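**Q** 3D model of this:
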Amino acid sequence: MRVIVVGAGVLGTMHAWQAVQRGHAVVHIEREAEARGASVRNFGQIWISGRAGGEELATALRARELWEGIGADLPELGFRAIGSLTVVRNEAERAVAEAATRRPDAAARGWELLGPAEVRERNPALRGDHLGALWCERDAAVEPRTAQRVLKDALLTSGRYTFLGGREVREVVGASAVRDDHGEVHRGDVVVLCTGAWLGGLVRELIPDLPVRRVRLQMMQTDPLGEALTTSVADADSFRYYPAYASDALNALAVAQAQPPTAAEHRMQLLMVQRTDGSLTIGDTHEYEAPFAFDVVEEPYEHLATVVAAILGRPLPRIRHRWAGAYAQCTDASRIVHRQQARDGVWLVTGPGGRGMTCAPAIAETTAHELGW
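**A** Predicted structure coming up:
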């Protein structure tokens, strides 16, 4: 089988990976020279902790299993089974974490409520004042800025993979065939469009009423911390944004403890991961109403710096990068991804909604099963 994959972000790359692993030939087309969208502008977290139960949790756990296997074969991917700590700083926040550990699927996530001494034993860099943290043993991380390149280099060694960067697919020209902006027609047995947050142009032409929206966020990266941050870190505002934490305790938290105004305005939480060079990737905000602002706003960065300093018990290292990005999210946020046949032999797969880095391997595996690869 010959598979045409359009889009070289993590979702497209994983579809190419699944096809090559099954012995098929792949032509992979990307409008940039390399991926530059949400797949390289994220935390690199394989984030199990907050996922909704049922299908979403099963997908995330399967994806983590696949990531771990790929990481064992490709050490340059930077896969690390580091887990995460969601820090709680008062009794209301601690009650939400405790309620989470009573969920029927808590063991599958590796959830455990830790006290302050146990938190510092697991992550000595967390020297600020807190009442403990919700530990998630199943969370992991990869290096987002380089993951797609590492995977692409490995795919190239197969002899069944062709990468065409700097080409934008402009039209579908028959069953399982597309034309790019160089005028070249690419024919296969199936075309999979994994165009991420690029929802205009050809995508709008193929599916005018696509139930997917764009979400914008702001993030930052610091100088090296100077010590190991041995886990991913989140603050208790994360409880407000992930479905797994829904409980009476969370409802009580919402009533008793409003978010700081900046965090509420920008729909913020703290997520923090250390990169292999020692720097910290920190975020994030959420903006849903398009058209999005073209500039980044400083107040969210100031808020995050304050929260991180309180958790670390030390000032944040110098911020050396700030950026904004956008990802695609199904308008029905309970859906893991939007997978739709757009034309004969042409499928669109998009809208994982901030779950792309976590779930992409399992999403691509499901596509392969459904399309009979």
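
**Q** where exactly do the strands run in the stretch 151-300 of the chain?
**A** 161-165, 169-172, 177-180, 185-187, 190-193, 212-222, 232-235, 271-274, 280-283 (DSSP state E, counting those that start in this stretch).

**Q** could you dump these to a markdown table with mean neighbour count?
**A** Heads up, the C-betas are built off the backbone N, CA and C, glycines and all. Conversion of the strands of the stretch 151-300 of the chain to a markdown table gives the following (neighbours: other CB atoms under 10 Å):
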| stretch | mean neighbour count |
| --- | --- |
| strand 161-165 | 17 |
| strand 169-172 | 18 |
| strand 177-180 | 19 |
| strand 185-187 | 15 |
| strand 190-193 | 26 |
| strand 212-222 | 21 |
| strand 232-235 | 26 |
| strand 271-274 | 26 |
| strand 280-283 | 23 |
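
**Q** same list, these, but as JSON lines with mean pLDDT and distance to Ala60 please.
**A** Formatted as JSON lines, the entries for the strands of the stretch 151-300 of the chain read as follows, by pLDDT from 0 to 100; distance: least, CB to CB, whole Å:
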{"stretch": "strand 161-165", "mean pLDDT": "98", "distance to Ala60": "27"}
{"stretch": "strand 169-172", "mean pLDDT": "96", "distance to Ala60": "30"}
{"stretch": "strand 177-180", "mean pLDDT": "98", "distance to Ala60": "31"}
{"stretch": "strand 185-187", "mean pLDDT": "98", "distance to Ala60": "32"}
{"stretch": "strand 190-193", "mean pLDDT": "98", "distance to Ala60": "21"}
{"stretch": "strand 212-222", "mean pLDDT": "97", "distance to Ala60": "19"}
{"stretch": "strand 232-235", "mean pLDDT": "98", "distance to Ala60": "14"}
{"stretch": "strand 271-274", "mean pLDDT": "98", "distance to Ala60": "15"}
{"stretch": "strand 280-283", "mean pLDDT": "97", "distance to Ala60": "19"}
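
**Q** low-confidence stretches in the stretch 101-250 of the chain?
**A** Counting by pLDDT under 70, not a single residue of the stretch 101-250 of the chain qualifies.

**Q** Throw the strands of the stretch 151-300 of the chain into JSON lines and include distance to Pro300, thanks.
**A** Formatted as JSON lines, those follow (distance: least, CB to CB, whole Å):
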{"stretch": "strand 161-165", "distance to Pro300": "33"}
{"stretch": "strand 169-172", "distance to Pro300": "35"}
{"stretch": "strand 177-180", "distance to Pro300": "38"}
{"stretch": "strand 185-187", "distance to Pro300": "42"}
{"stretch": "strand 190-193", "distance to Pro300": "33"}
{"stretch": "strand 212-222", "distance to Pro300": "6"}
{"stretch": "strand 232-235", "distance to Pro300": "13"}
{"stretch": "strand 271-274", "distance to Pro300": "13"}
{"stretch": "strand 280-283", "distance to Pro300": "8"}
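
**Q** for burial, what's the neighbour tally of the closest residue to Val307 other than its chain neighbours?
**A** Excluding the flanking residues, the one nearest Val307 by CB to CB, 6 or more residues apart in numbering is Leu270, at 5.0 Å. Residues near Leu270, counting by other CB atoms under 10 Å, number 23.

**Q** wait, isn't Leu270 in contact with Ala234?
**A** Yes: at 6.0 Å, Leu270 counts as touching Ala234 under the criterion of CB atoms under 8 Å.

**Q** quick one: closest of the strands of the stretch 151-300 of the chain to Gln21.
**A** strand 161-165 (10.8 Å; CB to CB).

**Q** quick one: list the elements packing against that closest one.
**A** strand 25-30, helix 144-156 (3 or more CB pairs under 8 Å, 6 or more residues apart in numbering; DSSP states H and E).

**Q** hey, which of these is tucked in deepest?
**A** Using mean count of other CB atoms under 10 Å, the stretch among the helices and strands packed on strand 161-165 with the largest mean neighbour count is strand 25-30, at a mean of 22.

**Q** CA atoms only: put it into PDB for me.
**A** The C-alpha coordinates for strand 25-30 follow below in PDB (Å, rounded to 0.1, in the frame of the first residue of the first chain):
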ATOM      1  CA  ALA A  25       5.300   3.000   1.500                       C
ATOM      2  CA  VAL A  26       4.700   6.600   2.700                       C
ATOM      3  CA  VAL A  27       5.000  10.000   1.000                       C
ATOM      4  CA  HIS A  28       4.900  12.600   3.700                       C
ATOM      5  CA  ILE A  29       4.100  16.200   2.600                       C
ATOM      6  CA  GLU A  30       4.600  19.300   4.800                       C
END
